[in-house]
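Asks: Provided below are the primary sequence and the corresponding predicted coordinates.
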Amino acid sequence: MLTAARLGAAALSATLLAGAAAGPALADSPSPSAAAPAPAGLYGKGDPTYDGVWRQSLALTALAGAKVTPADSAVSWLTGQQCADGGWPSFRADTAAACDAATEDSNATAVAIQALVALGGHQDAVDKGVQWLKANQNADGSWAYNPGSPGDANSTGLAVNALFAAKTDPAGVAKAGKNAFDGLALFQLGCASPADQRGSFTYQPKPDGALDPNALATGQAALAAVGGKLPVTNTNRTDAAPKALACADGAADAAAKTVARTDSGEAVGAYLTAQLAAGGQHLTLTTPGAAPTPDYTATAWAALGLIQGGHPQQAAGAVDWLAKEGSAWTKGGTDASATATLLLVAQAAQREPASFGGDLVAQLTALGPAPKATAAASSATSASAPAKDEKKDGGIGQWWLIGVGLLIGIGGGLILSLQRKRGARL
């Protein structure tokens with residue numbers, strides 16, 4: 001029987017990591033019981049039980065990219081959530097109590113590692129986190145949401161992102177002879193699948209081994225497939241569109257079970273490009289018994305993967321769509337996880353965060369403790385400097401005029417010389 005904590009993890013997996021658009025609502029809307037109010041230092045005001053470390057890590061990563069120095073309490077909250085064995089749970093209400101290893105969360109651990117690398121100065125915590133990922137890798141090379149469960153594409157992709165961030169080659173992180181890339185390949189649809197599904201990722205194989213495309217699994221795994229991490233800072237550009245997986249007719253291709261590592265990134269990029277074009281530049285969430293709805297989270301990760309893969313032009317439509325529609329996802333900048341993810345997209349696409357469906361940096365900083373320093377404050381200081389200089393120059397100008405009056409009798413030549421010197425300083 002599932003424990004309450006494991007049920008909570010399953011709920012988060014179903015919402016944040018299986019593509020449910022309701023995930024952010026669960027994350028940052030107060031729970032009916034208000035069992036776990038947001039502690040001081042945490043971004044977002046809602047119940048952190050299922051996503052505290054997740055949203056904190058995304059927020060700190062995005063703010064680091066915005067040149068915001070977070071409050072010490074925000075960083076210490078994240079580092080204080082780490083367990084003695086190096087992993088992070090979704091949330092630790094009592095950090096004085098030992099962690100339950102079964103409830104530690106590979107997704108939280110992966111994004112926490114990336115946040116601390118982005119912040120800098122936390123190498124010991126990063127190293128312990130990487131060791132936890134290595135220790136909890138499945139025998140097939142994949143990672144599960146919680147240790148001891150079957151692996152899934154989202155968790156494996158996030159773990160690969162964290163390894164890249166920590167400058168650890170995923171090809172060298174292996175269990176029973178299967179490395180992290182082998183684990184990721186288990187979930188990608190190849191030549192045995194219908195042509196319009198090739199390159200996509202499934203969340204998990206069905207019991208019979210069949211693979212069905214999943215929007216969020218594909219979006220999140222794409223960033224790992226192209227060798228990326230958070231934050232995405234790649235500025236390489238490939239003019240050609242991503243190459244679709246080449247499959248020749250015949251039994252050999254039809255029987256192929258995995259996509260080669262060398263083809264994985266381009267194949268998922270081609271799939272995402274086609275899906276975005278067909279879906280009005282966003283991916284769609286389809287759940288049994290419900291009408292299809294836009295999947296903001298999957299679209300954001302798809303854009304990040306395409307940009308990292310060197311295809312920003314193929315991501316541009318999705319980026320534009322997110323800039324226009326993203327405020328519905330972020331609830332006007334009150335959902336910390338969504339706001340941070342949208343800010344990461346704006347930064348990756350080199351768009352202005354202040355006009356990306358709202359001022360994302362201001363919205364995100366307002367959801368947590370006051371930062372130690374912000375880029376905006378630095379800019380304001382720089383902007384105010386000319387005013388101080390003008391005041392100083394104005395004072396000098398007044399004395400200069402007095403001096404000119406006194407020197408009129410000496411000769412116009414000296415006056416002209418002084419004017420030329422002053423003009424050179426302005």
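Replies: Structure's in. What do you need?

Asks: And the helices in the stretch 1-150 of the chain, which stretches?
Replies: In the stretch 1-150 of the chain, the helices defined using DSSP state H, counting those that start in this stretch lie at 4-15, 23-28, 52-65, 72-80, 106-119, 123-135.

Asks: Could you do the stretch 251-400 of the chain as well?
Replies: In the stretch 251-400 of the chain, the segments counted as helices under DSSP H, counting those that start in this stretch are 251-254, 261-278, 296-308, 312-330, 336-348, 360-365, 375-407.

Asks: on that earlier part again, nearest to residue 341 among the helices of the stretch 1-150 of the chain would be which one?
Replies: Proximity to residue 341, assessed across the helices of the stretch 1-150 of the chain by CB to CB, is greatest for helix 52-65 (6.0 Å). From N, CA and C alone the C-beta is placed, and that goes for glycine too.

Asks: Output that closest one in CSV with nothing but the alpha carbons.
Replies: Only the C-alpha atoms of helix 52-65 are listed here, as CSV (Å, rounded to 0.1, in the frame of the first residue of the first chain):
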residue,chain,number,x,y,z
GLY,A,52,8.8,23.1,-2.2
VAL,A,53,12.3,22.2,-3.4
TRP,A,54,11.2,22.1,-7.1
ARG,A,55,9.9,25.7,-7.2
GLN,A,56,12.7,27.1,-5.0
SER,A,57,15.3,25.6,-7.3
LEU,A,58,13.6,26.9,-10.4
ALA,A,59,13.2,30.3,-8.8
LEU,A,60,16.9,30.6,-7.7
THR,A,61,18.1,29.3,-11.1
ALA,A,62,16.0,31.9,-13.0
LEU,A,63,17.0,34.7,-10.7
ALA,A,64,20.7,33.9,-11.0
GLY,A,65,20.3,34.3,-14.7
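
Asks: rewinding a little: worst average pLDDT in the helices of the stretch 1-150 of the chain?
Replies: Mean pLDDT is lowest for helix 23-28 out of the helices of the stretch 1-150 of the chain, coming in at a mean of 34.

Asks: returning to what we had before: adding distance to residue 372, write the helices of the stretch 1-150 of the chain out as CSV.
Replies: Below are those laid out as CSV (distance: least, CB to CB, whole Å):
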stretch, distance to residue 372
helix 4-15, 30
helix 23-28, 24
helix 52-65, 11
helix 72-80, 7
helix 106-119, 12
helix 123-135, 19
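
Asks: which one of these lies closest to residue 374?
Replies: Ranking these by proximity to residue 374 (CB to CB) places helix 52-65 first, at 8.7 Å.

Asks: and the helices of the stretch 1-150 of the chain as a markdown table, adding mean neighbour count?
Replies: Below are these laid out as a markdown table (neighbours: other CB atoms under 10 Å):
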| stretch | mean neighbour count |
| --- | --- |
| helix 4-15 | 18 |
| helix 23-28 | 23 |
| helix 52-65 | 27 |
| helix 72-80 | 18 |
| helix 106-119 | 27 |
| helix 123-135 | 18 |
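
Asks: Indicate which one of the ones you listed is closest to residue 349.
Replies: helix 52-65 (12.0 Å).

Asks: Compute the inter-axis angle for the closest one and helix 72-80.
Replies: In terms of direction (axes from the mean of the first three to the mean of the last three CA atoms, to 10 degrees), helix 52-65 departs from helix 72-80 by 130 degrees.

Asks: so what does helix 52-65 touch, helix or strand wise?
Replies: If you count contacts as 3 or more CB pairs under 8 Å, 6 or more residues apart in numbering; DSSP states H and E, helix 52-65 packs onto helix 23-28, helix 72-80, helix 106-119, helix 336-348, helix 360-365.

Asks: hang on, the earlier thing: weakest of the helices of the stretch 251-400 of the chain by average pLDDT?
Replies: Ranked on mean pLDDT, the bottom entry among these is helix 375-407, at a mean of 41.

Asks: Residue 66: what's it in contact with?
Replies: Under the criterion of CB atoms under 8 Å, 6 or more residues apart in numbering, the contact list for residue 66 reads 343, 347, 353, 361, 374, 375.

Asks: tell me the contacts of the last one?
Replies: Meaning residue 375. Residues near residue 375 by CB under 8 Å, 6+ apart: 66, 67, 68, 361.

Asks: Only the buried subset of these, as a PyMOL command please.
Replies: Selection of buried members from the contacts of residue 375 for PyMOL, criterion 16 or more other CB atoms under 10 Å:
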select buried, resi 66+68+361
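
Asks: got the contacts of residue 375 as JSON lines, with distance to residue 225 columns?
Replies: Formatted as JSON lines, those follow (distance: CB to CB, whole Å):
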{"residue": "66", "distance to residue 225": "27"}
{"residue": "67", "distance to residue 225": "29"}
{"residue": "68", "distance to residue 225": "30"}
{"residue": "361", "distance to residue 225": "29"}
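
Asks: and which of the contacts of residue 375 is nearest residue 80?
Replies: Out of the contacts of residue 375, the member with the shortest distance to residue 80 (by CB to CB) is residue 68, at 20.4 Å.

Asks: Quickly list the domain ranges of the protein.
Replies: Following the assignment in automatic domain parsing, the chain carries domains at 4-373, 390-425.

Asks: roughly how far is the first one from the heart of the chain?
Replies: To tie it back to what came earlier, the one meant is domain 4-373. How far domain 4-373 lies from its chain's middle: 7 Å, per CA atoms, centre = their mean, to the nearest Å.

Asks: Tell me which of the domains of the chain sits most buried.
Replies: domain 4-373 (a mean of 20; mean count of other CB atoms under 10 Å).

Asks: that's a helix at residue 181, yeah?
Replies: Yes. Counting by DSSP: H, G, I helix; E, B strand; the rest coil, residue 181 is found in a helix.

Asks: And residue 231, how far from residue 152?
Replies: 24 Å (CB to CB, to the nearest Å).

Asks: just residue 289 next, same as before
Replies: Distance, residue 289 to residue 152, using CB to CB: 23 Å.

Asks: cool, and residue 182?
Replies: 15 Å.

Asks: Same question for residue 357.
Replies: Here residue 357 is placed at a distance of 30 Å from residue 152 (CB to CB).

Asks: Hmm, residue 374 is touching residue 71, no?
Replies: No. Using CB atoms under 8 Å, residue 374 is not in contact with residue 71, being 11.2 Å away.

Asks: Nice, that's everything, thank you.
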